[in-house]
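Student: My questions are about this predicted structure, shown below with the sequence.
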Amino acid sequence: MKAFLMFKDQDFDLRRKLPLNEQALTQDLELNTLFNAMALGDKFLFDVAKWAVLCGLNNDLNTILYRQDILKDCLKNPSIVRDIYDIAVGAIEGEKKSYWSFFSKYPGAILSRSIEVLQMSVGVLKRLRNVADEHADKFDSKGFRAFFAMLKRELGDEYFGCVENHLKELKFRDGVLMSAELGKGNKGTNYVLRQSQEKKQSWMERIFAKKPPVYTYNIHPRDESGFRALSELRERGINLVANALAQSTDHILSFFNLLRTELAFYVGCLNLHGQLAQMGEPISFPLPTASSERRQSFNELYDICLALTMKQKIVGNDVNADNKDLVIVTGANQGGKSTFLRSLGLAQLMVQCGMFVPAESFCSNICDGLFTHYKREEDATMKSGKLDEELSRMSDIVDHITSNPMLLFNESFAATNEREGSEIARQITCALLEKGMKIVFVTHLYEFAHGFVDKRMENAIFLRAERQADGGRTFKLVEGEPLQTSYGEDLYRALWSKRD
Amino acid sequence: MTFCSILFEKTEDGVEKETLEAPVFFVDLNLDQIIDAVTASKQEYNLKPFYYTSLTDIDAIKYRHEIFRDLENKNLFENIKSFAQKMRAMREHLAQADKLHYKYQKERWFLEAVEIYCDAVNCLVHDLSLADVKSRGFLAFREFLTDYAKSERFTPLLGETKKLFDDLSSVKYCLRIKDGSIKVRKYESEIDYSANVEETFQKFKQGAVKDYRVKFLAGPADMNHVEAAVLDLVARLYPDIFLYLDNYCVKNSNYLDETIIVFDREIQFYVAYLEYVAVFKRTGLKFCYPQISNKSKEVYDYEGFDLALAYKLEKLSVVCNDFYLKDKERIFVVSGPNQGGKTTFARAFGQLHYLASIGCPVPGREAQLFLFDRLFAHFEKEENIKNLRGKLQDDLVRIHSILEQATSNSIIVMNEIFTSTTLQDQFFLSKRMMEKIIELDLVCVWVTFIDELASFGEQTVSMVSTVVPENPAMRTYKIVRRPADGLAYAIAIAEKYRLTYHYLKERVKS
């Protein structure tokens, strides 16, 4: 039994490896803000959000659409989804209460504990089955339909009856019957629990049937060590069945765990959705396209992390960069360049894990890797080593780069003078472009940026942080070629005037 | 040719009385460390006496070389090891059978011991028949073992053992435990209930889960009285099989063959040494079978090294050294900077000759060595300044006794003697000793810092420890054949520490 709510045909595994650049991504895109908004203080929801978002880069188009449909169902039936989630959580916590004999050395104890947990689990499974019976028709997605159908199919009344029979049988009212063979040193071995086959015989047959010899050994009532030995023998006999039952309870619990984990992602999305709705920020389901295409167009794309931090509606951007491999962003300081770059990275991750995106509309091709190369605020005294450090990080990225990634550069290679920086940036960018990679580069390096303008490339687009005639900023990007100054002067003046 | 021993071709060569005492020079030459390491994992065989006894006959050494060469074949080596493992398992089973007291349990352990023995013999016969052995020792042993395996002593043993084994493994019974009683009867194809339960919950299966099977601490040798009682009932269910077992044990109590037992121990002499050597070979060090002569004193070894040191250094690189004596040359005089590998060189020389004398391959690419009658080592004991006169006297007494016992076929290894007296004394005493050694025509290694000894005469060969020219403080541990020129090193090292005349003139302000 599988939940299959994250993938059509596989489990969502929290043990999966995060991308190697997980830390850089988390830091550069401020992912923890997003995860916290999804988790609302619940550590488990946080972890699931983190894994789902960061491992999304491996998803194919079908998986993304599969999850989008499920998420749409969730947005339609939030309370039912939360109910199912609570049922799964309840089962897991119920098991923890009978944790005491978990490490028992006695198969008998393991068996009775397993019977107890199993009885509890059967109750929970029945509740789950009832939810399916009651609400299945309110869900349209393939994922939920398959899930409810599975519950109805696997958890029929007949099945519950069979389980209860076993639970009764395992109390061994007629004693324990087991087979054995002679092992090393003629010691009994291969103890296997057996179910006696009481053949229906008439009394005549019973009397006249030839009976095979049976020998009996009785322990003397005062032979304490004898009784201990006897009970050990009995334990050997039920060892395997205790194991089978304990493993079965584990399997059932891991089904609940799986269900909980997979639903946790959607519960996180519901939480996030709630907060955005309160701020009046729009969301939409994005249109992902094949990784071979070059699509990047959107309306009112905003930085979800900035919105969550500011707790208010913020400025969005409209860009059409379809069929472009290279996006170069230049322009005013504090003009929203970094925010824009982050919003692109965040949206890409959200698209690929099957979430909605913070935009009125959004379309992009999927990629198999997302790499960020940001200028890092380093210790000032290490200035000489800064370019070293930047290049070494770049080299790490190249070591792990995938075949169809998106790369986000934020003021990279500016740790040296402009000419050298530009040359390094140019060489790196050109090489990666020729390898067919998608690059967004926020930069002050005029020579570098302008060099691409001169090339008149079909597949490049230039965006500029807008500046109004009075020097004020709109935080909106417009299409435009790089200008030679980045308005540092403005900033300087703005600060200066404040002081006056 | 009848087989006698894998260590000696002829009975008369055999060790008369095995000694547990190492030769006196063992400690000085670090041979004690070598032999300890060789035998460390083979304590049960008590192999040391074999390593403590030199051979005196060149053919006896060749007998062992041949066996070593055969064993260098990986397959044969593994075959012998697996034979040894089985024999060990057999001994453990017999010991276990001895300790137990429930009859059917005891008998079964005995049966298992015999089964392992039969298997060991059969496997070895089979393996040897396929092996391309060339040594006199293995050829004779193979013939012996093949005959034994076909003999009236062995074949019935094998047949009965196998039959009993099959019979006992066909025994299958059922127990019903209820309250204080156990009912025992034959098994009648009742279904496996655990599998049934597992099947019911199959649909929840989610990949790997914890194993809840409890490991019962009681090993196969432990049996409580309830199990023993059940076993007795099982014996009543299958009376024929257990009667046969009783008779079998009585009949075969003396099943072991003495020659095989002795072989099992003696072959470990080779196995232990080869296992020890394999560690070094893996790091690229070389071993060879030396030419042995009891006439020519023209000894040589290329790429030799100190085994005891190599063992300690493990993976660190070991410096190999070459040496040779030609014509009238008899004495290596080793001088040069301290900690430069002089003592190591001397030890290696002694080790090589000793290991060659017990028929083992020795460190080096190619070697010719001398079969000595006696080997002497004189190494300075812990320096003790308080007892000046006593120590010098002691030195002299020891050397005197060595020279008394030595014949022209002996080898002496000496390390820095007479250091506890004045230089003049040392020079004088050393010269006298040198004269005696030359007179006896001994092969000798002499580590000293008296350069003059190096050019004593046509019998002496000067060997010098070396340093790296650019960094005189760094030793190469390479010992080369070269005139002794201690001064050059001393000045280079002094310069490095700015302690030469000119340096000191500058540094020390007047």
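Tutor: Now that the structure is in, tell me what you want to look at.
Student: C-alpha only now, for contacts and for neighbours.
Tutor: OK.
Student: The residue positioned nearest the centre of chain A: what's its closest spatial neighbour, skipping adjacent residues?
Tutor: By CA atoms, centre = their mean, chain A has its centre lying nearest to residue A:52, at 2.1 Å. Leaving aside its sequence neighbours, residue A:52 sits nearest to residue A:353 (CA to CA, 6 or more residues apart in numbering or on different chains; 6.1 Å).
Student: Go ahead and report the secondary structure state at the residue nearest to the centre of chain A.
Tutor: Look at residue A:52: counting by DSSP: H, G, I helix; E, B strand; the rest coil, its state is helix.
Student: List phi and psi for residue A:413.
Tutor: Phi and psi for residue A:413, reported as degrees, to the nearest 10, are phi 60, psi 30.
Student: try residue A:13
Tutor: Per-residue torsions, residue A:13: phi -110, psi 110 (degrees, to the nearest 10).
Student: try residue A:2
Tutor: The phi/psi pair for residue A:2 (degrees, to the nearest 10) reads phi -130, psi 150.
Student: Am I right that it is in contact with residue A:255?
Tutor: Yes. Taking contacts as CA atoms under 8 Å, residue A:2 lies within contact range of residue A:255: 6.7 Å.
Student: shared neighbours, these two?
Tutor: B:204, B:206 (CA atoms under 8 Å, 6 or more residues apart in numbering or on different chains).
Student: Return the residues in contact with residue B:459.
Tutor: The contact partners of residue B:459, by CA under 8 Å, 6+ apart, come to B:328, B:329, B:330, B:331, B:438.
Student: On the pLDDT front, check the closest residue to it other than its chain neighbours for me.
Tutor: Excluding its sequence neighbours, the residue lying closest to residue B:459 (CA to CA, 6+ apart) is residue B:329, at 4.1 Å. The model reports residue B:329 with a pLDDT of 91.
Student: how about residue B:329, what does it touch?
Tutor: Residue B:329 makes contacts with B:298, B:458, B:459, B:460, B:461, as judged by CA under 8 Å, 6+ apart.
Student: Am I right that it sits in a strand?
Tutor: No. Per three-state DSSP, residue B:329 lies outside any strand segment and is coil.
Student: any idea how far chain A is from it?
Tutor: Per CA to the nearest CA, to the nearest Å, residue B:329 is found 63 Å from chain A.
Student: helix or strand for residue 430, which one?
Tutor: As the question left the chain open, I've gone with chain A. helix A:418-434 (DSSP states H and E).
Student: that's the wrong chain, I wanted chain B
Tutor: Using DSSP H and E, residue B:430 maps to helix B:423-440.
Student: who does the next helix or strand after that helix pair up with?
Tutor: Downstream of helix B:423-440, the next assigned helix or strand under DSSP H and E is strand B:443-447. Partner strands for strand B:443-447, per DSSP bridges, with pairing direction: strand B:331-335 (parallel), strand B:411-415 (parallel).
Student: Following the chain onward from strand B:443-447, which element is next?
Tutor: Following strand B:443-447 in sequence order, the next helix or strand is strand B:460-468 (DSSP H and E).
Student: I'd guess residue B:66 is in a helix, am I close?
Tutor: Yes. Using three-state DSSP, the secondary structure at residue B:66 is a helix.
Student: Wait, it touches residue B:134, no?
Tutor: Yes. Assessed by CA under 8 Å, residue B:66 is found in contact with residue B:134 at 7.2 Å.
Student: higher neighbour count, those two?
Tutor: Counted by other CA atoms under 10 Å in any protein chain shown, residue B:66 and residue B:134 do not tie: residue B:66 has more neighbours, with 19 against 12.
Student: ok, that one to residue A:406 distance?
Tutor: Applying CA to CA, to the nearest Å, the value for residue B:66 to residue A:406 is 69 Å.
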